[in-house]
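>>> Predicted model and sequence below, questions to follow.
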Amino acid sequence: MTRPYIASAADDPWSRIWFDTTPRHLAGAGDPRHVTQALRAGEWKNFGDPDFPHVVLGSPDYQHTLVLEPTPDAYGSWWRISSQRWYASFGGNTPVEIIAGFTDALLCSPPGAEPDIWPTLQAAGWTYECDERGNERAHHPDGITTMERSATLTSDHFSWKAEVALPTGLGGHHRLWHAYFDDRTPRHLLAGFATALVDPAPVSRGHYDIPHSHLVTQVERGAQGEQLAAAHEARLKASRSAARQARRSAAPTTRPPAGPAAEAATAAARNR
């Protein structure tokens, strides 16, 4: 059967003119396949219902899951990523390139030591503060973007939050996007998120794909259709490679017990 022509955002990157957009943390959501197809390249399996508007992915070892379910609530969590020990979520306008800093780290082997998050933000010009209760907070120079690790007034349980909140002019704030992380979230995943958050490289967006045009600079230049498709394919190739390397690193290195013939040969060699 011939497939009918259906105009869809799934036709990207061919269907529009792309603009280099900075800063990335204010550029809007972007194409979710930047995240989902990279995980699929890392052999995550699709468990979604094709008749329901969501994406449900599970890691090869079933230890991690990703759910993408659009919600009309601007304060809702479109993206939910979790394991048996921790949970993370992202709002709908969170740029996929920043979410990918977190999810890409899921495909790699954890580092030997836990990284510190705050130096990454401070090196990018963020200010850092810590109060007497151990609550930590960093502010972007734009005054509307923050990342913090804090506990509620009634609990000693810490959690992480990143947020872009625009002033309304009436003393309140309107949230553009947010990210939440359980304090048990592995630090190398948080480090991947923070590194992607402060990356100065532009991201590709259509002219009308951004939630607040006055907050960003868009330049009609850089990669278009073929180049963007080639860059995405290279990204998927890198994801496959990272996942294979992580599986090799996690594989048992102990040798199986020797059989009787091998043991006899070893004993004979010792007695020579």
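On my side now, so go ahead. Residues are numbered from 1 along each chain as shown.

>>> so where is the stretch 1-150 of the chain shaky, pLDDT-wise?
Residue ranges of the stretch 1-150 of the chain with pLDDT under 70: 1-3, 15.

>>> how about the helices in it?
33-41, 96-106, 118-123 (DSSP state H, counting those that start in this stretch).

>>> so of these, which one's packed in deepest?
When the helices of the stretch 1-150 of the chain are scored by mean count of other C-beta atoms under 10 Å, the highest mean neighbour count falls to helix 96-106 (a mean of 24). (Each C-beta comes from the backbone N, C-alpha and C, glycine too.)

>>> Figure out which of the helices of the stretch 1-150 of the chain is closest to residue 163.
helix 96-106 (12.3 Å; C-beta to C-beta).

>>> Just the CA atoms of that closest one, as CSV, please.
Coordinates of the C-alpha atoms in helix 96-106 are reproduced here as CSV (Å, rounded to 0.1, in the frame of the first residue of the first chain):
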residue,chain,number,x,y,z
VAL,A,96,16.4,17.7,24.6
GLU,A,97,20.1,18.4,24.3
ILE,A,98,20.2,19.0,28.1
ILE,A,99,18.1,15.9,28.9
ALA,A,100,20.5,13.9,26.6
GLY,A,101,23.4,14.9,28.9
PHE,A,102,21.6,12.8,31.5
THR,A,103,20.4,9.9,29.4
ASP,A,104,23.6,9.6,27.4
ALA,A,105,25.4,9.0,30.7
LEU,A,106,23.1,6.0,31.3
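
>>> ok, back up a step: please convert the helices of the stretch 1-150 of the chain to a markdown table, extending it with distance to residue 88.
Converted to a markdown table, the helices of the stretch 1-150 of the chain look like this (distance: least, C-beta to C-beta, whole Å):
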| stretch | distance to residue 88 |
| --- | --- |
| helix 33-41 | 12 |
| helix 96-106 | 7 |
| helix 118-123 | 17 |
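
>>> Of all those, which one is nearest residue 162?
Using C-beta to C-beta, the nearest of those to residue 162 is helix 96-106, at 8.6 Å.

>>> how far does that closest one sit from the chain's center?
2 Å (C-alpha atoms, centre = their mean, to the nearest Å).

>>> Could you list every helix and strand in contact with it?
helix 33-41, strand 79-82, helix 187-198 (3 or more C-beta pairs under 8 Å, 6 or more residues apart in numbering; DSSP states H and E).
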